[in-house]
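1. predicted coordinates and the sequence they were generated for:
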Amino acid sequence: MKDWIEGVKNQERRAIARVITFLENDHSDAEFLLQELERLEKKAYVIGITGPPGAGKSTLIDCLITTLRAKGLRVGVIVVDPTSPFTGGAILGDRVRMVRHALDEGVFIRSMGSRGSLGGLSRATKDAVRVLDAAGFDVIIVETVGVGQSELEIMHLVDSVALVVHPHSGDVVQVFKAGVMEIADLYVVNKADISGAAKMVAEIEQYVHLTHDHSEWNPTVSQTIPIQGKGIVELWEQFQHHRVFLQESGEGIRRRKEQTVREVKERINAEFDAYLQQCTQEPAFQEQMEEIWHGKKLPHQLAREWIKSHLIRQDREGM
Ligand SMILES: Nc1nc2c(ncn2[C@@H]2O[C@H](COP(=O)(O)OP(=O)(O)OP(=O)(O)O)[C@@H](O)[C@H]2O)c(=O)[nH]1
Ligand SMILES: [Mg+2]
């Protein structure tokens, strides 16, 4: 395992990939490994790119990688596909879009599919970000399809969120319904070569005007045409403005703290869930269920009693 840590430190892509897989599989030594990685310097700017399927997110990221590499920045990309249990196709598409960077040692691209639950996926993604950060990547990009509230969980682990839409993604209000609109720091009207882009920009600007007062960050609206390489440099400038805002306003630290609280709660939930699963298999639990079957107790009562007795039991056992 020492070799792996050295490998990550030396920015070797094969070691990085191995460590991410190891963490993904929830190995019992995972914590030790993370602890070791925690000692390494961290400086990455983590950005999230979300938006409806086919909005051109991967094509945009491909161009962004080129722009960042030209500045000498190292880029890590994590493509998350929580929507489909059969992620092969979509993820393959994503990787194909970025394939021209495959030989570049300064670029690392990783897909994460929905093995296990969605919560598990967001935890695994967070760990993957940790590994890439420890490996000294300057910018880490997380791509995810933003189609529902639960998928948006993943966006809670980045510094800046960009919502990518395209002129055919329906009207903005529709996107808004999915709960995506509120979390965006930057809006990107992608595929601006298609007619309807200007109208969409106007709609989003109006939305921003109505929903944000001017004391804080006002989300920006950019237009990009990745297939022509247009608007990418300008978009990166907007990201940088947002990064400066995060640093100067203290919002960046506030967000990271909030994210940590969220992560701890999520892990408590997962641990508790596993414990609950185990306990409900015990004969004692089954016996108590009998009382409910026979109408002697309500499920409400049993649940309350169960929590009381088990939390006390845990306490005594010194867990
Ligand atoms: N007209 C036009 N089409 C584009 C542009 N950029 C990307 N596309 C096309 O949009 C389609 C989807 O692109 P992707 O980059 O795979 O989109 P995505 O949002 O990553 O898709 P998923 O990951 O499947 O959600 C592809 O056929 C691209 O060629 C653009 O600037 N203009
Ligand atoms: Mg994609």
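-> All right, it came through fine. Numbers count the residues shown, from 1 in each chain. Ligands and ions are numbered 1, 2, ... in the order given.
2. near ligand 1, which residues of the stretch 51-200 of the chain?
-> Within the stretch 51-200 of the chain, the positions near ligand 1 by C-beta under 6 Å from any ligand atom are 53-59, 90, 93-94, 97, 145, 191, 193-194. (C-beta placed from N, C-alpha, C; glycine too.)
3. from those, which two are the most distant?
-> A90 and D193 (23.5 Å; C-beta to C-beta).
4. what about these two, which has more around it?
-> The residue with more neighbours, out of A90 and D193, is A90; 19 against 14, by other C-beta atoms under 10 Å.
5. could I get the pLDDT score of that one?
-> Looking at A90, its pLDDT reads 50.
6. residue in the protein with the shortest distance to ligand 2?
-> Across the chain, no residue is closer to ligand 2 than S58, which sits at 3.3 Å (C-beta to the ion).
7. for the helix or strand harbouring that residue, name the packing helices and strands.
-> For S58, the host element (DSSP states H and E) is helix 57-70. Under the contact definition 3 or more C-beta pairs under 8 Å, 6 or more residues apart in numbering; DSSP states H and E, helix 57-70 sits against strand 45-51, strand 75-81, helix 88-97, strand 139-145, helix 232-249.
8. thinking again about what came up before, whichever of the residues of the stretch 51-200 of the chain next to ligand 1 end up buried, select them in ChimeraX.
-> Burial among these is assessed by 16 or more other C-beta atoms under 10 Å; the matching ChimeraX selection reads:
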select :55,56,57,58,59,90,94,97,145,191
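9. returning to that earlier point: in CSV: the helices and strands packed on helix 57-70, plus distance to ligand 2.
-> CSV is the format used below for the helices and strands packed on helix 57-70 (distance: least, C-beta to the ion, whole Å):
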stretch, distance to ligand 2
strand 45-51, 9
strand 75-81, 6
helix 88-97, 4
strand 139-145, 6
helix 232-249, 16
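10. mean pLDDT lowest where, among the ones you listed?
-> The minimum mean pLDDT among these belongs to helix 88-97 (a mean of 59).
11. sorry, back to before: can you pull the buried residues of the helix holding S58?
-> Buried-residue list, helix 57-70, by 16+ other C-beta under 10 Å: 57-66, 68.
12. before we move on, what about stretch 260-269?
-> E266.
13. got the contact list for it?
-> 119, 122-123, 126, 156-157 (C-beta atoms under 8 Å, 6 or more residues apart in numbering).
14. out of those residues, the closest to ligand 1 would be?
-> Ligand 1 lies nearest to S122 out of these, by C-beta to the nearest ligand atom, at 17.6 Å.
15. for stretch 205-224, which outside residues touch it?
-> Taking C-beta under 8 Å, 6+ apart as the rule, stretch 205-224 contacts 60, 63, 172, 176, 181-182, 184-192, 197, 201, 204, 230-232, 234-235, 238, 241-242, 245, 249, 251.
16. hmm, that stretch touching ligand 1?
-> No: Stretch 205-224 stays clear of ligand 1 (C-beta under 6 Å from any ligand atom), getting no nearer than 6.9 Å.
17. between the two ends of that stretch, how far is it?
-> Counting by C-alpha to C-alpha, to the nearest Å, you get 16 Å between the two ends of stretch 205-224.
18. in it, what's buried?
-> Buried positions in stretch 205-224, judged by neighbour count with 16+ other C-beta under 10 Å: 207-208, 217, 219-224.
19. these in helices, which ones?
-> Taking DSSP state H, the ones among these that sit in helices are 207-208.
20. ok, so of the buried residues of stretch 205-224, who is nearest V77?
-> T224 (17.0 Å).
21. just want the phi and psi numbers for the closest one.
-> Backbone geometry at T224, expressed as degrees, to the nearest 10, gives phi -140, psi 150.
22. quick check: chain neighbours aside, which residue is closest to it?
-> Leaving aside its sequence neighbours, T224 sits nearest to G231 (C-beta to C-beta, 6 or more residues apart in numbering; 3.7 Å).
23. buried sites along the helix or strand hosting E31?
-> Here E31, judged by DSSP H and E, is contained in helix 30-38. Buried residues in helix 30-38, counted by 16+ other C-beta under 10 Å: 33, 36-37.
24. show me how far that helix is from its chain's centre.
-> 20 Å (C-alpha atoms, centre = their mean, to the nearest Å).
25. perfect, I'm done here.
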